[in-house]
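# Next come a sequence and a model predicted from it.
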Amino acid sequence: MNSNAPSSSSGGPGSADSSAPRRNSKRPKYSKFTQQELPACKPILTPGWVISAFLLVSIVFIPIGVASLFASRDVVEIIDRYETDCIPLASRNDKVRYIQSPGDKTCNRTLTVPKNMKQPIYVYYQLDNFYQNHRRYVKSRSDEQLKKLNSESDVSACKPEDYVNGSAIVPCGLIAWSLFNDTYGFSRNNQQLTVNKKGISWKSDRDHKFGKNVYPKNFQSGILIGGAQLNSSIPLSEQEDLIVWMRTAALPTFRKLYGKIEVDLQANDVIQLTLGNNYNTYSFNGKKKLVLSTTSWLGGKNDFLGIAYLTVGGLCFFLAIAFTIVYLVKPRRLGDPSYLSWNRNPGGH
Amino acid sequence: MARGRIRAKLRRSSLYTFRCVQPDAAEAEAPHEFQGPGYSRLVHCNQPSLHRKKPLKYCSNYISTTKYNIITFIPKAIFEQFRRVANLYFLLTAILSLTPVSPFSPVSMIAPLAFVVGLSMAKEALEDWRRFVQDMKVNMRKAGVHKGDGVFGHKPWMKLRVGDVVKVEKDQFFPADLLLLSSSYEDGICYVETMNLDGETNLKVKRALEVTLPLDDDVTFKDFTGTVKCEDPNPNLYTFVGNLEYDRQIYPLDPSQILLRDSKLRNTTYVYGVVIFTGHDSKVLQNATESPSKRSRIEKQTDKIIYILFSILVLISLISSTGFAVKSKFQVPDWWYLKPEEPSSIFNPEKSALTGFFHLITALILYGYLIPISLYVSIEVVKVLQAMFINQDIHMYDEETGTPAQARTSNLNEELGQVDTILSDKTGTLTCNQMNFLKCSIAGTAYGMRASEIELAAEEQMAIDLDGQDPEISSNPIHRNSAHGSWENRKSGSGASEIELETVITSKYEKDQKPMIKGFGFEDSRLMNGNWLKEPNSGAILLFFRILALCHTAIPELNEETGSFNYEAESPDEGAFLVAAREFGFEFCKRTQSSIFVRERYTAPEKPIEREFKILNLLDFTSKRKRMSVIVQNEDGEILLLCKGADSIIFDRLSKNGRMFEEATTKHLNEYGEVGLRTLALAYKKLEETEYSAWNNEFIKARTSINGNREAMLERLSDMMERELILVGATAVEDKLQKGVPQCIDKLAQAGLKIWVLTGDKMETAINIGFACSLLRQGMKQICITMNTDTLAQDSKEAVKEYVLMQITKASQMIKLEKDPHAAFALIIDGKTLTHALEDDMKHQFLNLAVDCSSVICCRVSPKQKALVTRLVKEGTGKVTLAIGDGANDVGMIQEADIGVGISGVEGMQAVMASDFAIAQFRFLERLLVVHGHWCYKRIAQMICYFFYKNIAFGLTLFYFEAFAAFSGQSVYDDWYMLLFNVILTSLPVISLGVFEQDVSSEICLQFPALYQQGPKNLFFDWYRIFGWMGNGLYSSLIIFFLNIIIFYDQAFRAGGQTADMAAVGTTMFTCIIWTVNCQIALTMSHFTWIQHLFVWGSITTWYLFLLLYGMMSPIYSGNAYQILIEALAPAPIYWSTTLLVTIACNLPYLAHISFQRSFNPMDHHLIQEIKYYKKDVEDRHMWTRERSKARQETKIGFTARVDAKIRQLRGRMQKKHLLGGPAVVMSPS
């Protein structure tokens, strides 16, 4: 092109104003961030790191596992399955009718304490094949109503257990309706063991979730009676059985606290159990169990946690050993350029 | 009247334009006959007000390239958004979430979708706004318009109407398609640069009709009226049919009267024209095609993964719904606590099939976490940020033009890391399209001291490569010892060579900064300042300079500021010759119809003598003739034929006594060619008066003959004349490569990329550039596929095709039979041949051949062919192609290629507008690909893999839980947990992975180009890896779910005897997930800045913080999660120990896997990380440089390959000597 091209080529309307200041404004500003040069730590997995990491895990995990196992071993547990035994022999062909028929369904059982049990001894009932986690069931409650006096009619979520004869049920919903109603009474050597039913629920539930001035209303007054009745003169915040029950369980097999026995039990003590077998699990072949259990710092009897810790710890130890052996047998000098791909296959230049 | 006569005379002559081989324009033309559809346009010249009403109301000159306007934006953009299948799916789930079928609250489904769609729409809006601003800039440009009564005033472009008379001044763009009426030249010609239309930089001549010539003043337009009838708007740039009715007469119009919008007036002071097509009717806008939206390979592969996941989703949903239906039918009627006797629409044991169907929808929504909506958001965000880094990269900022790199679309960032073939334009991309007269050889003596850029660059490269060079020697056991020895010797010298290198570079820059005359890089005191008179061959030198000054077709133009002349030449070479002649003291200053005036100032520099040379004939340059000549008569009456042309052509035509300097000149020409200079040979011959007049008579006769073989006759006559020449010398012109081009090509070649050059240039030029860029070298076997000129004319198409096919097969066989592993082939093909080679039945053979060759150069290709070649490579090899170009002629290929890169900063914006990335210089391509491409590829690949892992690990736990919840659609987690999982709790770490991860630093990427191959080989996103990550996700989900379930099964989880309810189990499980996926990403990352630390560990902290805050909200909102952390979980040791156990157990296999892989099968970047980590690169500099030089793909192009070839050649010779001379010779790689 001709030699005045540069002057003319920058011409043309619109581009004439491309003067120096505008140019400079287009220049990216230098900063470590925009240039992707921020200081960074670039850890790399050296054999040392790998082996020490595995060793560290095993060193931490194995003691935890052992401690967990010990804790679990200290827990004493008595489990009594009673759903069949508590049906009179005559009714065993049609358990459902038996349980649905009115009348006294008391059942007496004896339990033997295998080992010394320190107080507090927790009393649980355990249900099986009971889907408290079914979506229809879980949704069927109204937290609003449980908490506030004037939200009584907030029962939209509670279907189909929302109204009876046109007035709202408190507490509404399937969960409350199906409240567990077996009762347990314990005695040792003909001496009553008190079951403390206070403080079995979360404090926050009692204080904030269940209203102190909300009383049961129209509860279990429909045609179908689900589970337990509630004393309509006691506010919901003190109905601890209900509060525990309302915490739906995650799995179809679950335990819930019934109460606490606050005396120590000795090994080989024989405990008389007076059981009101009222709850219908027979329709769906659910088991019912009574559980007496002490706890450790970890909670109930739980061998699995300890075993899992030991397994993982052991595996890490094995890996650490394996890597060590491998490094001793076939060491690779770190950063050895002969492993670079272009050195490994000489064909690739 | 007198004036008119002069004009007529001028017109008959061939002033300014060279038409001795063209027919005279005097042939009378009849007006075009046309009617009917397609030719309905009627333009009333100078009466724009007549165009206010239909049907003459044409579109305004307002242009808009925006997709939306304010009103259409919302509906159109929303429609665009929901055309994406994924979004449609999410929309569907969001709508369904409004029904009771949904397991989640509607907000949790609608909010993320609104966010995603909103974000994409905002991006759209921003892009559209930018387009609008750009349009307005164009629309607001000012043009001089006739306002009536002969007064012209300025108006913005968009206000122009059809029929307006406009005046366009020099170097302005035409605001619309105009009919040329007159120009500042008396004969109504004007010069137009059509760079923006077709990428051609040479000027085109447009010519006004004779009748309109008098309209050359503002005042004359006072009463001017006329009517144009012409074709309707169409996209053909080179055709135009119309008639002008003026003074009650009808004149035909053809394309040479039409000035197209966006081309530029050059070399002409002003023109007047009538607006014919405005705005979107103009040809250039009719040509504009909407750029296709491109998607990267990773994105396409991601789609496949999504399909797989969708199948899994449907499968598990089917399992769930079947399970639900079966349970509902057989078991649920007994579950009195659900009151089955009072069914609802979605829970009806009586109609289990219907319930099952409803449940299918529920399940599809519930497990929707497998296909995360957030994946799209995150990828979008990450890509925008990556693009920002590309835009901000200071190393890709061009100081000269002030343009930074620009990622115009962020969709293709990761594709940059997978490029296999680069298709490059030549002019403006590889070269500056600026010729530099650098050397010459006159009468067998070589002049010119300055080294060409290629020489300099080669030197530089040699310096680098010899330092720690020679992989072959080291791999060759025989020579290993000697090689080692020499390395040790050089150890101390490696620093020195770098210093040397620096001086080479700095000295080069200094030279560049010297005020230099454009086009003239010659430096030799023997010829400058009249010193040539003292040279022995001063006569030949004089002749040489005269040929330079006379044998051309250029027009001089006085630059008023400097007082010197500039030249408007058809080719940049010619311009360089004239500048050179001027500098030597032969200033071409004036051209008239018959003479050229040259100011010669060699005798007395102060007082130049103006000599007149009569131009008797001019034999034009054509690509077929490859030469041009002028026949001049000087003031003494001597008649000379001056000729310049391709050396081979000239040498064939020398007379016996004209071959005096042939040998020396040939030698020089070879040297010049080798360093990448374009050469031409110059020759002359003296003619006798009689001899000339005899020939001239013949010539005139031939010219005026009207029969068909006029061309052939003229050809034969020219040929007759251009014989028996006497060689004077040769010129060497440097087609200036852009800065850093050879180095960049070398690096790209080392990174394993194939480079094809597609150029509209002549074959010779292309080959020269090929040499200059080291795409070609001596010793490379060139396969030229061309069409024999003889066969062209008479043979049928089939025969020609046959011929081309034969050449291709022959070449393929030759390559197959080649035994030497180092043999390199170059394929050179021209446009005409390419038309045949690109036909369906032959293209695959052609492609196979091309793929086997190390370099491919296609010359004389049209824009369309560029696009076709690109498509062929893209579809034929199935690999990623990148096209780079600067001109409008590259638009097709830029749009066709997987990635289009435009060179910005130069004038034409078409290429940039069509491109996906715009860079200012070719050399930035290296950084764009090798650094940003590499990073982005790895980042996106890792990010997507991780994303799937994360969502599988999370989503499947939902499914497992269903099996324990009677498939009822209940989730174990709180709705809020799930909502926040993708939105807050795990999004930032993965974005930081996608934005900040660096496996190696940018310097190392550049130093080890071989690392780039990880992308094209797709090492980080192959199915093996994807399934690995999915498997990892599956494993994690199993561990997380079952460990938690077993631990929290039925036992008390606290010393207080409380058993875990669903909230406690769900929260613990979720804690485990948060820890697991965040630790996993920490293991995946190799580069932690404070940002990564903040995000990864911050996410985990956020989770606890959220839990705390959520637990503090009223139980009406938080439900069973009320105070869950403080009261229930935090005091329980089992909560913490479960978290620890699950986190470690989930990450253990991955840790073991990467440790194992690193120990036994380390990848290149692992080793380099180690070397860097132990600072071995500093301690053992020598090893570092050696590995750097080895870290490249086998390549046969680029400097390095050139140097290698040279060394091989040397060694070959050495070995021969060795054999002959005994074993005493010690090899040295240098």
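Ah, there it is.

# Contacts only, for B:Phe981.
B:369, B:954, B:1070, B:1073 (C-beta atoms under 8 Å, 6 or more residues apart in numbering or on different chains). C-beta: built from backbone N, CA, C; applies to glycine.

# do the same with B:Thr957
B:972, B:1037, B:1040-1041, B:1069, B:1073.

# does B:Arg678 sit in a helix, a strand or a coil?
With DSSP: H, G, I helix; E, B strand; the rest coil as the basis, B:Arg678 sits in strand.

# cool, the one 5 residues further on as well?
Three-state secondary structure (criterion: three-state DSSP) places B:Ala683 in strand.

# rewinding a little: would a markdown table of the contacts of B:Thr957 with secondary structure and pLDDT be doable?
Output for those, formatted as a markdown table (DSSP: H, G, I helix; E, B strand; the rest coil; pLDDT from 0 to 100):
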| residue | secondary structure | pLDDT |
| --- | --- | --- |
| B:Val972 | coil | 90 |
| B:Ser1037 | helix | 95 |
| B:Ile1040 | helix | 95 |
| B:Phe1041 | helix | 95 |
| B:Met1069 | helix | 95 |
| B:Ile1073 | helix | 95 |
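
# Tell me the one of those nearest chain A?
Taking C-beta to the nearest C-beta as the measure, chain A lies nearest B:Val972 of the contacts of B:Thr957, at 6.0 Å.

# now that closest one: how far from B:Ala1060?
Relative to B:Ala1060, B:Val972 is positioned 11 Å away (criterion: C-beta to C-beta, to the nearest Å).

# quick one: common contacting residues for those two?
Here B:Val972 and B:Ala1060 have A:Ala250 as joint contacts, going by C-beta under 8 Å, 6+ apart.

# Looking at those two, which one has more neighbours?
Between B:Val972 and B:Ala1060, B:Ala1060 has the larger neighbour count (other C-beta atoms under 10 Å in any protein chain shown), namely 31 against 26.

# How much space separates the more buried one from chain A?
To chain A, B:Ala1060 is 7 Å away according to C-beta to the nearest C-beta, to the nearest Å.

# so who does that residue touch?
A:250, B:1048, B:1053, B:1068.

# cutoff 10 Å now
A:247, A:249-251, A:254-255, A:299, B:1044, B:1047-1054, B:1066-1068, B:1128-1129, B:1132, B:1134-1135 (C-beta atoms under 10 Å, 6 or more residues apart in numbering or on different chains).

# Out of those residues, list just those in helices.
B:1044, B:1047, B:1066-1068, B:1134-1135 (DSSP state H).

# just to revisit the earlier point, check the contacts of B:Phe981 and tell me the two furthest apart.
Greatest spacing in the contacts of B:Phe981, by C-beta to C-beta: B:Tyr369 and B:Phe1070 (12.4 Å).

# Give me the common contacts of these two.
Residues touching both B:Tyr369 and B:Phe1070 (C-beta under 10 Å, 6+ apart): B:954, B:957, B:978, B:981.

# Secondary structure for these - can I get that in a markdown table?
Below are these laid out as a markdown table (three-state DSSP):
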| residue | secondary structure |
| --- | --- |
| B:Phe954 | helix |
| B:Thr957 | helix |
| B:Met978 | helix |
| B:Phe981 | helix |
